[in-house]
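Have a look; sequence and predicted model below, questions after that.
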Amino acid sequence: MTESDGVTYPLEKTRNIGIVAHIDAGKTTTTERILFYTGRIHKIGEVDEGTTTTDWMPQEQERGITITAAAITTFWKDYRINIIDTPGHVDFSVEVERSLKVLDGCIVIFEAPSGVESESERVWRVADRYKVPRLCYINKMDRLGADFFSTFEQIVTRLGAVPVALQLPIGSESKFAGVIDLLEMKAIHWIDEPGIQMEEKPIPAEMEAQAKEWRAKLIEKVGEADEAIMEKFIHEKEITVEELRAAIHRATIANQIVPVFTGASARNKGVQPILDAVCQYLPSPLDIPPIRGINPKTEQEEERLTQADAPLSALAFKIMSDKFVGRLTFLRVYSGVIRSGAYYMNANKGEQERIGKLVRMHANKQEIVKEVSAGDIVAAVGLQDTKTGETICDKDHPILLEGMLFPEPVVWLAIEPETKLDQDKLGLALNRLQDEDPTFKVRYNSETAQTLIGGMGELHLEIILDRLKREFSVNTKAGPPQVAYKETITRAVEEVVGKFIQQSGGRGQYGHVVIDVEPGETGSGVLFESKIVGGTIPKEFIPAIKQGVLECAQGGVLAGYPVINMSITLVDGSFHDVDSSEMAFKIAGSIALREAVKRAGPVFLEPIMMLEVVVPEEFVGQVIGDLNSRRCRILETGQRANVKFIRGEVPLAEMFGYATIIRSLTQGRGSYTMAPLKYQQVPPSLAEKIKLGKEKRR
C-alpha cells in the first residue's frame, strides 16, 4: 500500500509504465495529454513551443526532442500510474534500456504514416529481452498518408508480434473523426477542442461489416491465448465484454498478445482509452514474477516477494544532478519499505549508505515523501556512492539484483578548457556527467595531454558540450569527432616470451612469462586464463601478470586502440627468489602481449552502423549513389506511406556530417537514423590511413 494526498493506493491499483517509440512518433505529446486528462497539469504544453512538462531541459526545449527519461506520477480514476517518458533518438538509447529494465509495462507508439521505423524496432527488441508486456498505440491518424492497417501488418511482419486490434479508426488524414471500440461495439467521438468531452454513438453504417470482421479476429486471437474464450468461441456461446477484458489482461501480461489502439494525440483524440487500457490490461507489480537475485554471503539465488513486509530490495536505475538538492538516485523498489533517514546497504560495494530524503518526481519538480514500499518508483537524496545498476537492500538480508549492460562509446572528441578557471571546473563537471550517463566516458591521453570524451554519437557529445557550458559554466574547445576503432588478431600464436630483467646494483627486477594467444568470440573482449602448475610462477604474481596483459590490451598495439576478441593463456615462465616482484611480472606480461599481438596478424576493427534513410521517391537514386560511395551495404529498400526507405549497414567513419548531406541531396525533405550494430574488419587500403592518422595526432 502506498499513500498520496491522503489516498491509499493498493499495489493492484498501481501501474509502472514507460512510453517508448521512434523519434518524433509522439511520445512526449501523448504524455502531455495523459497529464492533462489526469489533472496533473491544467494547460497542455506543445513540443514545438518547448512548453511540455517532461521535456524540461533547455536542450530538449530548443531541439524539440527528448534527451533524458522523465519520471512522473499521476492518477486516473482509482489507479496510481508511474510514467517514464523516454527519448526516441538512438544516441540516448541508454535511457530506454534502463527504464524498461525496471518497468512492468509500456506503451509503444507508432506513426500511422510511417509504420514500424528503425528505432521502434530496436526498442521493441529491448522490451522483448526484458519480457515487458506492451500496448501499441498507432498515433497521428490525422496526418497525410496515415494508414492504420499497414502499420498493424508491419507489427506482425517486422516485429514478429501478435497484435490484437481493440479499436479501428473512423476515417484517416483530414477525415479522421474518432475510433470504434471493438469490445463494446460502439463509436467514440471527441467533441471539444481539448478532447475532454467524448460522445458515444452507433458504429457508422458503412463500417459495420468491417467492425464485425475485426471483432471476430479479436476473439479468435484472444481465444488462441485463452482456453476459456476459445471454448466459447468454438461452441458459439456468448462471450461477455468482462470475460474478454479479463482474458486480454491475462494474455497481455503473459506476452502472448499486444492490444492495439489508435488516435491522434496532437488533435486530442484517443488518449483517454489508452489510460483505461493501461489500468485494465497492463500488469500491476503483483502481476509480475518475484524479483530474483544472489545472496552475496551464500552466493545462492534468492527471491523477494512484492510485499511491504519482505526485506528491502531496490535497484538504482538512473542518476540525476539537481541544482537544488544535489545528486538524485532513482530507485525501483521491488520488496520491503524504504524510509528517509534510514541506513541501507549497497550490495555491490558492501557498504552502508543513508537515505537523506525521498521524493516523488514530476519531471524536474519534486514531492517529498517519508517512505515508499514494494512496487513503487522513487528518487533518493543522499546516496553518494551508488551507481546505475547497483542494488540497495537490507543489511541483514542482503541480495544482489541483476545489473545492466551498457554499450561502449563509438565516437570520441578531444576537448580542452578555454581558460585556467575552466580547467579547474572541467574534471568535476565531467565526473558528474559520467555519473549520470553510463554510455558517456572520459579518458586522458598522456601521449597528447588531451582529455577525450566518448559517446554514442555526434548529437550525444554535442549535448554534453552544451551542458558543460550551461549547467557547469565550463567553456571548452573541441576537436573533430574521431571513430572508436578497435584492434584484434586474426590467428593464434603459441609460446610468446615476455622477459623483464633489470640489474642496477642491489636488488634487481626479474619477470619471465610465456603466453599463448588466439582469436576469441565476437564480443568476448579480452579473456585471460592461467595454466601455471607446480609453482613455475608463484600464484601471488598471477594477478600482476593479468593486470599487465589487460592494460597493454587496453592501450593497443597497432595504433593505441583497445584490443578485443582475444583469448590469452599463461602457460609457462620463471621467477627469481630475490629479484621477482609484482611490478616485474606486470611489465613482463605487457611485453609478452605486445609481441604476441604483433605476430598474430593484427587488424583494425571499425564500428558498423545500422542505417535507415527515409526520402521522397524522386531522390532515391541520388541517395543510394551517395551511400554506395560511403561503403554502405544496402540491405533493403521499400515503400512506407508516401516515402521510400533505404536500410543498410555503413561504417561510422563515413557518416560524420551526414545530416547536412542528406538535407542538401533531398532539398531538406530526407531524414535518417543510425544505431550501432557491430564491429567489422577495416579494408586493408584504409588500415594504413588509420595508423598514419593516429601517428600524426601523436
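Nice, thanks for sending it over.

switch to C-alpha atoms for all contacts and neighbour counts from now on
Noted.

What helices and strands are in contact with the top strand by length along the chain?
The longest strand of the chain (DSSP state E) is strand 603-615. Judged by 3 or more CA pairs under 8 Å, 6 or more residues apart in numbering; DSSP states H and E, strand 603-615 is in contact with strand 486-488, strand 643-651, strand 671-681.

Which strands and helices lie in contact with the longest one?
Going back to what we said before, that points to strand 671-681. Using 3+ CA pairs under 8 Å, 6+ apart, strand 671-681 is in contact with strand 603-615, helix 658-665.

Restricting to C-alpha, output it in PDB.
Backbone C-alpha positions of strand 671-681 (Å, rounded to 0.1, in the frame of the first residue of the first chain) are rendered in PDB as follows:
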ATOM      1  CA  SER A 671      15.900  12.100 -42.800                       C
ATOM      2  CA  TYR A 672      18.000   9.300 -41.400                       C
ATOM      3  CA  THR A 673      18.600   7.300 -38.200                       C
ATOM      4  CA  MET A 674      21.600   5.200 -37.200                       C
ATOM      5  CA  ALA A 675      22.300   2.700 -34.400                       C
ATOM      6  CA  PRO A 676      25.500   0.800 -33.500                       C
ATOM      7  CA  LEU A 677      25.300  -2.700 -35.000                       C
ATOM      8  CA  LYS A 678      28.700  -4.500 -34.800                       C
ATOM      9  CA  TYR A 679      32.500  -4.100 -35.300                       C
ATOM     10  CA  GLN A 680      34.000  -5.300 -38.600                       C
ATOM     11  CA  GLN A 681      37.500  -5.500 -40.100                       C
END
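
what secondary structure does V623 sit in?
Secondary structure, DSSP: H, G, I helix; E, B strand; the rest coil: V623 is helix.

And the closest residue to it other than its chain neighbours, what's its pLDDT?
Closest residue to V623 apart from its sequence neighbours, by CA to CA, 6 or more residues apart in numbering: L665 at 6.9 Å. With respect to pLDDT, L665 scores 89.

Tell me which residues touch L665, please.
619, 622-623 (CA atoms under 8 Å, 6 or more residues apart in numbering).

How about Y344?
Listed by CA under 8 Å, 6+ apart, the contact set of Y344 reads 352-355, 392-395.

So of these, which two are at opposite extremes in space?
Among the contacts of Y344, the pair separated by the greatest distance (CA to CA) is I355 and K395, at 13.9 Å.

of these two, who's got more company?
When I355 and K395 are compared on other CA atoms under 10 Å, the one with more neighbours turns out to be I355, at 20 against 17.

can I assume the more buried one is in contact with G382?
Yes - between I355 and G382 there is a contact at 5.2 Å, judged by CA atoms under 8 Å.

Save the helices and strands packed on strand 603-615 as JSON lines, and put in distance to G573 and mean pLDDT too.
Formatted as JSON lines, the helices and strands packed on strand 603-615 follow (distance: least, CA to CA, whole Å; pLDDT from 0 to 100):
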{"stretch": "strand 486-488", "distance to G573": "25", "mean pLDDT": "92"}
{"stretch": "strand 643-651", "distance to G573": "42", "mean pLDDT": "90"}
{"stretch": "strand 671-681", "distance to G573": "33", "mean pLDDT": "84"}
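
Tell me which of the helices and strands packed on strand 671-681 sits most buried.
Greatest average neighbour count among these goes to strand 603-615 (a mean of 22), per mean count of other CA atoms under 10 Å.

Give me the angle between it and strand 643-651.
170 degrees (axes from the mean of the first three to the mean of the last three CA atoms, to 10 degrees).

what lines up beside strand 603-615 in the sheet?
Strand 603-615 pairs in its sheet with strand 486-488 (antiparallel), strand 643-651 (antiparallel), strand 671-681 (antiparallel), by DSSP bridges.

wait, which of those strands is closest to G160?
Of all those, it is strand 643-651 that lies closest to G160, at 18.5 Å by CA to CA.

which residues sit against the closest one?
Strand 643-651 has contacts (CA under 8 Å, 6+ apart) with 606-617, 620, 624, 630-639.

Now it - C-alpha only, PDB.
C-alpha atoms of strand 643-651 as PDB (Å, rounded to 0.1, in the frame of the first residue of the first chain):
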ATOM      1  CA  VAL A 643       8.100   7.900 -49.000                       C
ATOM      2  CA  LYS A 644      10.800   5.400 -49.700                       C
ATOM      3  CA  PHE A 645      13.100   3.900 -47.100                       C
ATOM      4  CA  ILE A 646      16.600   2.600 -47.500                       C
ATOM      5  CA  ARG A 647      18.100   0.300 -44.900                       C
ATOM      6  CA  GLY A 648      21.800  -0.700 -44.900                       C
ATOM      7  CA  GLU A 649      25.000  -1.200 -42.900                       C
ATOM      8  CA  VAL A 650      27.500   1.600 -43.100                       C
ATOM      9  CA  PRO A 651      30.900   2.400 -41.400                       C
END
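
what distance separates it from the centre of its chain?
Chain-centre distance of strand 643-651: 22 Å, with CA atoms, centre = their mean, to the nearest Å.

Buried residues, that strand. List them.
643-651 (16 or more other CA atoms under 10 Å).

Would you format those as CSV with distance to F406 included?
Output for the buried residues of strand 643-651, formatted as CSV (distance: CA to CA, whole Å):
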residue, distance to F406
V643, 34
K644, 33
F645, 29
I646, 28
R647, 25
G648, 24
E649, 22
V650, 22
P651, 21
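
closest to K586 among those?
Out of the buried residues of strand 643-651, the member with the shortest distance to K586 (by CA to CA) is P651, at 36.0 Å.

And the closest one, how far from A659?
Distance, P651 to A659, using CA to CA, to the nearest Å: 15 Å.

L312 now?
48 Å.

Please tell me the pLDDT value assigned to G88.
Value for G88, per-residue pLDDT: 52.

Let me fix that, I meant to ask about R40.
On the pLDDT scale, R40 gets 78.

pLDDT below threshold where in this protein?
1-9, 45-70, 87-93, 323-324, 363-365, 445-449, 504-506, 641, 693-698 (pLDDT under 70).

For the helices and strands packed on strand 603-615, give me TSV that also has distance to V164.
Formatted as TSV, the helices and strands packed on strand 603-615 follow (distance: least, CA to CA, whole Å):
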stretch	distance to V164
strand 486-488	45
strand 643-651	26
strand 671-681	29
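
Out of these, flag the one nearest E119.
Of all the helices and strands packed on strand 603-615, strand 671-681 sits nearest to E119, with 7.8 Å by CA to CA.

among the helices and strands packed on strand 603-615, which is nearest F233?
strand 643-651 (41.1 Å).

ok now do M185, which residues does it touch?
202-203, 211.

before we move on, the earlier item: pick the one among the buried residues of strand 643-651 closest to L168.
Closest to L168, out of all of those and judged by CA to CA, is V643, at 24.0 Å.
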